[in-house]
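**Q** Any chance you can model this:
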Amino acid sequence: MKIKLLFTFLIISFISLAQNQINSFYGTNGSIFSAVANPNTLNHGAGGVNQNWNFSGFVPLSNTTYTYVAPTTSESSTYPGTTNVIVSTSTAATGKMFTKAAGATISITGLDSAGLNINFNGGTGGSGNATLGAFPMVYPFSNTDNNVS
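**A** Alright, predicted model coming up:
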């Protein structure tokens, strides 16, 4: 009986440590992601056993490439505190996310894409930036930022 209890506690402790931390907000430079659509409607019904969803027949929408560059002088003055620019390029549009890395804490200082421009430069000393969190991040992380402006 003692061995069964010990084995049970070992399994439970192993499972509780199974969640990996997120080491960085930034991915690999030059990463390509594909957006797809499923023309088949999924059955979200709760009834029945052995439900299967069919994900065949995806229709490609576009590919997006993410690159990481340093901000230009103009971008640095428009989005104060920016240390890194994430450029997303696709056939549909090109967009930029301006971020600030202050130690392990990552914040969004601005967004710029066709028809959309958001600037989080309010406050003093970057206090109006949209804070994402400190990395490495561990589940279950919850973020609240009441100073975004």
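
**Q** for this structure, longest strand please?
**A** Criterion DSSP state E: the longest strand present in the chain is strand 59-69.

**Q** Which strands and helices lie in contact with whichever helix or strand comes after that strand?
**A** Sequence-wise, the next helix or strand downstream of strand 59-69 (DSSP states H and E) is helix 73-78. With contacts defined as 3 or more CB pairs under 8 Å, 6 or more residues apart in numbering; DSSP states H and E, helix 73-78 has no helix or strand neighbours. For glycine as for every other residue, the C-beta is placed from the backbone atoms N, C-alpha and C.

**Q** Give the pairing partners of the very next helix or strand once past helix 73-78; include direction for each.
**A** Per DSSP H and E, helix 73-78 leads on to strand 84-90 as the next helix or strand towards the C-terminus. Sheet partners assigned to strand 84-90 using DSSP bridges are listed as strand 59-69 (antiparallel), strand 94-102 (antiparallel).

**Q** before we move on, back to that, mean confidence for the longest strand of the chain?
**A** For strand 59-69, the mean per-residue pLDDT is 89.

**Q** Only the C-alpha atoms, please, for it, written as PDB.
**A** These are the backbone C-alpha positions of strand 59-69, laid out as PDB (Å, rounded to 0.1, in the frame of the first residue of the first chain):
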ATOM      1  CA  VAL A  59      -7.600  26.700 -48.000                       C
ATOM      2  CA  PRO A  60      -4.400  28.800 -47.700                       C
ATOM      3  CA  LEU A  61      -5.100  32.500 -47.100                       C
ATOM      4  CA  SER A  62      -1.600  33.900 -46.900                       C
ATOM      5  CA  ASN A  63       1.900  33.500 -45.400                       C
ATOM      6  CA  THR A  64       3.300  36.000 -42.900                       C
ATOM      7  CA  THR A  65       7.100  36.500 -42.300                       C
ATOM      8  CA  TYR A  66       8.200  38.000 -39.000                       C
ATOM      9  CA  THR A  67      11.500  39.900 -38.900                       C
ATOM     10  CA  TYR A  68      13.100  41.800 -36.000                       C
ATOM     11  CA  VAL A  69      14.900  45.100 -36.700                       C
END
